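Participant: quick one, what's the 3D model for this:
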Amino acid sequence: LKEKVYIEYDKIKATLWNRRSMRVEFNPNKLSHDEVLWLKQNIISYLDDVSFTRLDLAFDFEFDLNDYYALSDKSVKKTIFYGRNVKPETKYFGVRNSDRFIRIYNKNKNVKIMQMLKLIQHFYGVWKLN
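Facilitator: Now for the predicted structure:
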């Protein structure tokens with residue numbers, strides 16, 4: 001659980017920056033059912049005034065999003081990465097750490113890459129240097 005959940009308690013930062021003293025950060029998809037229960041029972045249930053500071057949403061579509069345009073009420077930075085076939089593979093709208101950030105990508109391409117990596121890891125093992 002230590003690698004999957006970030007917990008911070010800092011009364012000084014909270015006072016200086018006018019924010020809550022406790023921060024709990026995690027991705028529920030990366031936790032087992034038992035880990036979620038433990039987190040609820042041992043951490044979240046003891047907190048007062050709980051709220052979200054950020055919520056990430058992801059949607060899977062079974063059709064090609066390249067056929068559609070993205071419209072916004074404000075101007076946002078747009079970055080597009082093209083594949084060898086000159087078709088867009090990934091589109092970014094906004095800036096990563098801003099209030100508005102959207103990433104649209106071809107998940108099939110991503111899944112194929114992950115499958116290839118697993119195959120390589122299976123035959124050659126995994127080496128990691130930090």
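Participant: for the residue most central in space within the chain, helix, strand, or coil?
Facilitator: The residue lying closest to the centre of the chain (C-alpha atoms, centre = their mean) is Asp56, at 6.3 Å. The three-state label given to Asp56 by DSSP: H, G, I helix; E, B strand; the rest coil is coil.
Participant: look up how far Pro28 lies from it.
Facilitator: From Asp56 across to Pro28, the span is 11 Å (C-beta to C-beta, to the nearest Å). Just so you know, the C-beta spots here come from the backbone N, C-alpha and C atoms, and that holds for glycine as well.
Participant: also Ile43?
Facilitator: In terms of C-beta to C-beta, Ile43 sits 13 Å off from Pro28.
Participant: got it, and Lys112?
Facilitator: 26 Å.
Participant: how is this protein partitioned into domains?
Facilitator: 1-55, 57-130 (automatic domain parsing).
Participant: ok, of those domains, where does mean pLDDT dip lowest?
Facilitator: Confidence, taken as mean pLDDT, is least for domain 57-130 of the domains of the chain (a mean of 77).
Participant: Throw the domains of the chain into a markdown table and include mean neighbour count, thanks.
Facilitator: Formatted as a markdown table, the domains of the chain follow (neighbours: other C-beta atoms under 10 Å):
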| stretch | mean neighbour count |
| --- | --- |
| domain 1-55 | 11 |
| domain 57-130 | 10 |
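Participant: give the helix, strand or coil label for Phe81.
Facilitator: strand.
Participant: tell me the bridge partners for it.
Facilitator: Thr90 (DSSP bridges).
Participant: hang on, it packs against Lys87?
Facilitator: No. With contact defined as C-beta atoms under 8 Å, Phe81 does not count as touching Lys87 (10.5 Å).
Participant: now do the strands in this protein.
Facilitator: For the chain, the strands defined by DSSP state E occupy 5-9, 22-26, 78-82, 88-94, 101-105.
Participant: let's see stretch 27-34 as CSV, backbone CA atoms only.
Facilitator: Provided in CSV are the C-alpha atoms of stretch 27-34 (Å, rounded to 0.1, in the frame of the first residue of the first chain):
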residue,chain,number,x,y,z
ASN,A,27,-5.8,5.8,-7.9
PRO,A,28,-8.6,3.5,-6.9
ASN,A,29,-8.0,1.3,-10.0
LYS,A,30,-4.6,0.4,-8.7
LEU,A,31,-5.8,-0.8,-5.3
SER,A,32,-7.3,-4.2,-4.5
HIS,A,33,-10.7,-4.3,-2.8
ASP,A,34,-9.1,-5.1,0.6
